[in-house]
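**Student:** Mind looking at a prediction? Sequence and model below.
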Amino acid sequence: MKFYNTLTKKKEEFVPLVPGKVSMYVCGPTVYNLIHIGNARPMIVFDTARRYMEHRGYEVNYVSNFTDVDDKIIAKANEEGISAQEVASRYIEECKKDMADMNVRPATTHPLATREIPGMIEMISALIEKGYAYDVEGTVYFRTRKFKEYGKLSHKNLDDLRGGNRSLLVTGEEQKEDPLDFVLWKPKKEGEPYWESPWSQGRPGWHIECSVMAKKYLGEEIDIHAGGEDLVFPHHENEIAQSECCNGKPFARYWLHNAFLNIDNKKMSKSLGNFFTVRDIKEKYDLQVLRFFMLSAHYRSPLNFSAELMEASKNALERIVNAVDNLKFLQENAGTKEMTGEEQKALEEVKAFETKFDEAMDDDLNTADAISVIFELVKFANTRVSGENSAAFIKAVREEILKLGDILGLILEKKEEVLEADIEKMIEERQAARKAKDFARADEIRARLLDMGIELLDTREGVKWKRV
Ligand code: AMP
Ligand code: ZN
């Protein structure tokens, strides 16, 4: 299995620190709004990496944070007259719903920055003690030049940085020893959330959050650190500086970065206003289509979003889903005869598709080629499987397609239609449970219906439902 490592600028064979185990940290979103489909790209791409490594037998400890304290969150809270914490927890919940709809599995741990402040104070104190950080009137800065390897990830030269970085000096940061120094801790402004620290009542800088959460949940040295390519500099460069100076060890061995999702060849971003939220897309498409669209390109290639490509993805995905559904029909109607020798042989061909799929994924997660292999398998199914085959053979072909889909996180089975009669029946059951004061059961039915895309509304006239 090879990954392109931003640190070495090479595709490298993946060798984990502990055989059979992978520790992986993916920088998560800042939660002040619904996520847009640009944010969804790293989620889908690295969830797929995780699934593939699990398919190859690794046990993956996957950590992805939520940045739940930040200027933008505070601004939103002030706008709405609620606390920053309320804003953050609302959008964390919304983000988790979007992840579930995109079939992005929850991380092993989703740490929240605001719950890890003691760890941050500890790391900042250690950096000050070692001479890598200094406090000026309550603001703590990292002494960038003291870390001789600074720039090794983004392949930037310190002096070039210095020449072009007057803009790095933000107002209020004039007290820095060097313009390259960055903030580890900053004092609160009026009305902002804050924590006590040895330096001031304030809050951590963004970079220190990830260094601390990675260390706490994965250890001082980790296998893979990932995120979008805009994070290479300064975020990941600064994480390396903090972690390596504090721990005295190399931080992450493989640095993986996805390219941007663009629109009209410009990065999709909140600040440019050229974005679609995942929720916008859900109004028109099953989010499996979005996932398919993302994986149809290699993760290190820029991907341009367009209505045409989404339609093409929808049609392509439908072709696979229909083939699987057809196999299901054939399987259900096949007799009970044994698998023939010829079928046994044909199954070897089917297995060869999996080998080819693995080869594509081994080559720095080439999902585009992996999807092509699924299409080859679909073609095999459409041309070589018929009602004449044994149920066991048909099942094996169908399960192979489902298996490869699942590695990419694509659900290829047709969703069962939910019938109105079934919904009414479940609503009756829920009403009966409520009458009997079995509220746990009532809530369970409500949640099950929600999973099926049915939302219940308790109104004065009784229970109503709608598809969501
Ligand atoms: P943010 O909430 O801006 O910190 O972003 C969360 C994650 O989404 C980071 O890994 C970003 O690199 C990534 N990201 C943001 N915008 C895009 C985009 N247009 N294309 C790909 N990744 C993005
Ligand atoms: Zn981070």
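**Tutor:** Arrived safely. Ligands and ions are numbered 1, 2, ... in the order given.
**Student:** hey, which helix or strand in the chain has the poorest pLDDT?
**Tutor:** Least confident helix or strand of the chain, by mean pLDDT, DSSP states H and E, is helix 158-163 with a mean of 75.
**Student:** How about that one, which residues are buried there?
**Tutor:** Residues 158, 161 are the ones in helix 158-163 that count as buried (16 or more other CB atoms under 10 Å). C-beta here means a position set from N, CA and C on the backbone, and glycine is covered the same way.
**Student:** Export the next helix or strand after it to PDB, keeping only CA atoms.
**Tutor:** With elements assigned by DSSP states H and E, the helix or strand that comes after helix 158-163 is strand 182-187. C-alpha atoms of strand 182-187 as PDB (Å, rounded to 0.1, in the frame of the first residue of the first chain):
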ATOM      1  CA  PHE A 182       2.600  32.200  15.900                       C
ATOM      2  CA  VAL A 183       0.100  32.300  18.700                       C
ATOM      3  CA  LEU A 184      -0.300  29.400  21.200                       C
ATOM      4  CA  TRP A 185      -2.600  31.300  23.700                       C
ATOM      5  CA  LYS A 186      -4.400  34.600  23.400                       C
ATOM      6  CA  PRO A 187      -6.200  36.700  26.000                       C
END
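**Student:** Over strand 182-187, what's the mean pLDDT, rounded is fine.
**Tutor:** What strand 182-187 shows for mean pLDDT is 97.
**Student:** Determine the set of other helices and strands touching whichever helix or strand comes after it.
**Tutor:** Downstream of strand 182-187, the first helix or strand assigned by DSSP H and E is strand 202-204. Where contact means 3 or more CB pairs under 8 Å, 6 or more residues apart in numbering; DSSP states H and E, strand 202-204 is packed against helix 117-129, strand 182-187.
**Student:** Flag the shaky bits of this structure, pLDDT-wise.
**Tutor:** Within the chain, the segments meeting pLDDT under 70 span 163-173.
**Student:** one more time with 80
**Tutor:** Along the chain, the model assigns pLDDT under 80 to residues 160-174, 415-420, 460-461, 468.
**Student:** Residues of it that sit close to ligand 1?
**Tutor:** 27, 29-30, 38-39, 41-42, 227-228, 230-231, 258, 260-261, 267-269 (CB under 6 Å from any ligand atom).
**Student:** still on that earlier bit, got the helices and strands packed on strand 202-204 as a markdown table, with mean neighbour count columns?
**Tutor:** Converted to a markdown table, these look like this (neighbours: other CB atoms under 10 Å):
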| stretch | mean neighbour count |
| --- | --- |
| helix 117-129 | 19 |
| strand 182-187 | 22 |
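**Student:** Distance to ligand 2 added to the ones you listed, as JSON lines?
**Tutor:** Listed next are the helices and strands packed on strand 202-204 as JSON lines, based on distance: least, CB to the ion, whole Å:
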{"stretch": "helix 117-129", "distance to ligand 2": "13"}
{"stretch": "strand 182-187", "distance to ligand 2": "13"}
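**Student:** so can I have CSV of the ones you listed showing distance to residue 9?
**Tutor:** Formatted as CSV, these follow (distance: least, CB to CB, whole Å):
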stretch, distance to residue 9
helix 117-129, 28
strand 182-187, 24
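**Student:** Can you name the residue of the stretch 51-200 of the chain nearest ligand 2?
**Tutor:** Per CB to the ion, residue 65 is where the stretch 51-200 of the chain lies closest to ligand 2, at 6.7 Å.
**Student:** now that residue, nearest residue through space, not along the chain?
**Tutor:** residue 28 (4.6 Å; CB to CB, 6 or more residues apart in numbering).
**Student:** now for the helices and strands packed on strand 202-204, which one comes closest to residue 93?
**Tutor:** helix 117-129 (21.9 Å; CB to CB).
**Student:** Quick check: buried residues in stretch 71-88?
**Tutor:** So for stretch 71-88, counting by 16+ other CB under 10 Å, buried means 72, 73, 74, 76, 77, 84, 87, 88.
**Student:** does the third one really touch residue 190, like I thought?
**Tutor:** The reference is to residue 74. No. With contacts counted by CB atoms under 8 Å, residue 74 stays clear of residue 190, the gap being 11.3 Å.
**Student:** can you pull out the strands in the stretch 251-400 of the chain?
**Tutor:** Remark: strands assigned in the stretch 251-400 of the chain by DSSP state E, counting those that start in this stretch are 252-258, 261-263, 266-267, 303-304.
**Student:** Buried deepest among these, which one?
**Tutor:** Stretch with highest mean neighbour count among these: strand 252-258 (a mean of 23; mean count of other CB atoms under 10 Å).
**Student:** what's it packed up against?
**Tutor:** By 3+ CB pairs under 8 Å, 6+ apart, strand 252-258 packs against strand 2-5, helix 37-55, strand 222-228.
**Student:** Quick check: the closest residue to residue 412 other than its chain neighbours vs residue 399, distance?
**Tutor:** Spatially, and ignoring its direct neighbours in sequence, residue 412 is nearest to residue 405 (4.0 Å; CB to CB, 6+ apart). Separation of residue 405 from residue 399 (CB to CB, to the nearest Å): 10 Å.
**Student:** and those two? which has more neighbours close in?
**Tutor:** Legend: neighbour count by other CB atoms under 10 Å for residue 405 and residue 399, higher for residue 405 (22 against 15).
**Student:** dump the residue contacts of the more buried one.
**Tutor:** Going by CB atoms under 8 Å, 6 or more residues apart in numbering, residue 405 touches 320, 374, 411, 412.
**Student:** Okay, residue 44 and residue 294: tell me how far apart.
**Tutor:** Distance from residue 44 to residue 294, by CB to CB: 5 Å.
**Student:** Please read the previous query as pertaining to residue 407.
**Tutor:** Taking CB to CB, one finds residue 407 at 15 Å from residue 294.
**Student:** And those two? Which one has more around it.
**Tutor:** More crowded of residue 407 and residue 294, by other CB under 10 Å: residue 294, with 26 against 21.
**Student:** now the more buried one: how far from residue 370?
**Tutor:** Distance from residue 294 to residue 370, by CB to CB: 13 Å.
**Student:** Residue 103 sits in which helix or strand?
**Tutor:** Going by DSSP H and E, residue 103 is not in any helix or strand.
**Student:** That one contacts residue 291, correct?
**Tutor:** Yes. Residue 103 lies in contact with residue 291 (CB under 8 Å); the separation is 6.3 Å.
**Student:** Show me the common contact partners of those two, please.
**Tutor:** Shared contacts of residue 103 and residue 291, defined by CB under 8 Å, 6+ apart, are found at 409, 410.
**Student:** Which residue does the stretch 351-468 of the chain have closest to ligand 2?
**Tutor:** Closest approach between the stretch 351-468 of the chain and ligand 2, counting by CB to the ion: residue 365, at 20.3 Å.
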